[in-house]
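[1] coords below, sequence missing:
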């Protein structure tokens, strides 16, 4: 087979080189899917912006609350946050009953 023989059949192919069909129906489907994806993206960006605004308002309220606290309370809160968590207890140890002198055979 000649080197140029396969290129002539590629130009008559109904598909583009990237594997997508070139029909108008396929193009409309792709455009429709792209438009929906862009709408979803826009909706997500608006939701993210709204969350960022809410977070900014919450941070401002927390700053106001902290500004109104006594400095000693703030220091106590900071110290509590830096302290290691208390060791968790696994529960009370079971109590062992003392053995009577005559019960040594039960060991």
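    Structure received. Keep in mind that this is a model prediction, so the values were computed, not measured. Numbers count the residues shown, from 1 in each chain.

[2] when you work out contacts or count neighbours from here on, use the C-alpha atoms and nothing else.
    OK.

[3] number of residues surrounding residue 87?
    Neighbours of residue 87 under the rule other C-alpha atoms under 10 Å: 6.

[4] any regions of the chain where pLDDT drops low?
    1-22, 88-94, 98-107 (pLDDT under 70).

[5] the same query, at a cut-off of 90, please.
    Low-confidence segments of the chain (pLDDT under 90): 1-27, 65-107.

[6] looking at the chain, which helix is longest?
    Looking across the chain with DSSP state H, the single longest helix is helix 24-68.

[7] C-terminal to it, what's the next element?
    Note on helix 24-68: by DSSP states H and E, the next helix or strand toward the C-terminus is helix 71-82.

[8] what angle separates that following helix from helix 24-68?
    Counting by axes from the mean of the first three to the mean of the last three C-alpha atoms, to 10 degrees, helix 71-82 lies at 130 degrees to helix 24-68.

[9] distance-wise, check residue 35 relative to residue 44.
    Separation of residue 35 from residue 44 (C-alpha to C-alpha, to the nearest Å): 14 Å.

[10] equivalent analysis for residue 85, please.
    From residue 85 over to residue 44 the distance is 38 Å, taken as C-alpha to C-alpha.

[11] and residue 52, by the same measure?
    Using C-alpha to C-alpha, residue 52 is found at 12 Å from residue 44.

[12] next one: residue 74
    Residue 74 sits at a distance of 38 Å from residue 44 (criterion: C-alpha to C-alpha).

[13] and for residue 59?
    22 Å.

[14] ok, now residue 67?
    From residue 67 to residue 44 the distance is 34 Å (C-alpha to C-alpha).
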